[in-house]
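**Q** Predicted model follows, preceded by the sequence.
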Amino acid sequence: SAIHEGRVIYSNMQKYTLAIISVKCGECFSLLAAIGAGVPLPMTPIQQMYNLIITHIAVMATIAFEQGEDYVMKLPPRNTQNDMLMRKNMWIWRWLPHVIFFTLAVHGCLEMSNFTETGFVTAATLQGSSIVNELSSGRAVCEFAGSLSTDKRFSVDHDPFHCRCFVREHGQPWVEAREVDQWGPSVGSSAGAASTGKGDHFAQENTPWKDGVQSLLSPCSDAHGAQHYCWNATKAERPLLPQGRHCAATGTRRAQATTFVAIQLMESATVLTMRRDDFSLGFLFTNPWFTGLVAVKFGMLAAALNFPSVADQLDLADLGFAEVAVGVGFAAVLFSMHEYFKIFYRASILSALPKKQEEAKRR
């Protein structure tokens, strides 16, 4: 009937609004938490744009094709004067748990991945430093050098000359860490070098740094008294690690790629749970638009992870099975959380039904 169709349309509008606000707020809180905690951002701008188009627009729109809930005709006519599109119980039992647990899951994945890929977590440590002895004290992954101007202003190089990471193979936290100690090779000799540190291309004894740091650098104090590494001689060619290919840069990128996969999975699981008020897995294939677009979405993600040219455009990396499994695990936890709190949401609907029916009779 027309009344039934109208109620289904209104219910789907509520579900869409709930899903889109939950997902966007979850991402916003995750980014704010990263800034507040001083850790790398979980997604790059290009990844956010990709996710906006694929998940927030395409997959979300499939909620419009959902069938009605079995109780939709049992609800009394709503009071349009004081009625909000999203009810109070939606905010309490659906939106709030998602924002809290999504943020925790994103940062759990991000911090664990950064730790397994580099041995460190905070952004300041992963960015490196030009201050003398910061790496040896564990406050920096990479060491930078530079030069002083006549007024003692320090100008730092774009790339580090030395990085030391502690890598656990395939992002597995239970595996023993392997030390990766990389030094800048001779200029023009870094082509094809492995960023994981396997082999001896970046080994200190095979680089201009074989006689020690003091052979090329000396401590120098800037105008504020901070001691930096300065080059002994002014020269255009400096033995630096290749841009974006040292262990800190590649480790951070792999951690971010793992987190991006987790976010893609978690947001798809969120849309799945928001589609229905009942247990979601029973309705996994009832909406062909949702099933088809999710299949296309993960097909595109698989292509992005396996084709270097596409991965470079999206700031992704070629992840192994274990790293993808980490994202699947966090998505499964978030999905279970949604289904758990859905129990209380359905109970709140049923408990409020007699009161609403009495109000409808009085009107």
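**A** Ah, there it is.

**Q** Phi, psi for R178 please.
**A** The phi/psi pair for R178 (degrees, to the nearest 10) reads phi -110, psi 130.

**Q** quick one: the helices in this protein?
**A** Taking DSSP state H as the criterion, the chain contains helices spanning 2-37, 45-51, 60-61, 88-90, 96-118, 123-127, 247-275, 288-306, 308-313, 321-362.

**Q** buried ones in the fourth one?
**A** By that I understand helix 88-90. Neighbour counts over helix 88-90 (16 or more other CB atoms under 10 Å) mark 89-90 as buried. The way it works is simple: take the backbone N, C-alpha and C, and place the C-beta from them, glycine included.

**Q** Against which helices or strands is it packed?
**A** Applying 3 or more CB pairs under 8 Å, 6 or more residues apart in numbering; DSSP states H and E, one finds that helix 88-90 contacts helix 321-362.

**Q** re the thing from before, now, of the helices of the chain, which is deepest in the fold?
**A** helix 247-275 (a mean of 25; mean count of other CB atoms under 10 Å).

**Q** Tell me what angle it forms with helix 96-118.
**A** Angle, helix 247-275 to helix 96-118, by axes from the mean of the first three to the mean of the last three CA atoms, to 10 degrees: 160 degrees.

**Q** show me where pLDDT drops low in the stretch 51-200 of the chain?
**A** 79-83, 188-199 (pLDDT under 70).

**Q** Repeat that for the stretch 251-363 of the chain.
**A** Checking the stretch 251-363 of the chain against pLDDT under 70 turns up 357, 359-363.

**Q** try it again with 90
**A** Along the stretch 251-363 of the chain, segments meeting pLDDT under 90 span 278, 304, 306, 308-310, 318, 320-321, 349-363.

**Q** What is the neighbour count of the closest residue to D159 other than its chain neighbours?
**A** Leaving aside its sequence neighbours, D159 sits nearest to L240 (CB to CB, 6 or more residues apart in numbering; 4.3 Å). Neighbour count for L240, taken as other CB atoms under 10 Å: 20.

**Q** got the contact list for the residue lying closest to A304 once chain neighbours are set aside?
**A** What sits nearest to A304 in space, not counting adjacent residues and going by CB to CB, 6+ apart, is V310, at 4.7 Å. Residues in contact with V310, defined by CB atoms under 8 Å, 6 or more residues apart in numbering, are 303-304, 316.

**Q** Which one of the residues you listed is nearest to G225?
**A** L316 (42.1 Å; CB to CB).

**Q** and the closest one, how many neighbours does it have?
**A** Neighbours around L316, by other CB under 10 Å: 26.

**Q** can you tell me which residues contact it?
**A** 47, 253, 257, 260, 304-305, 310.

**Q** D318 versus the residue nearest to A304, what's the distance?
**A** Distance of V310 to D318, given as CB to CB, to the nearest Å: 11 Å.
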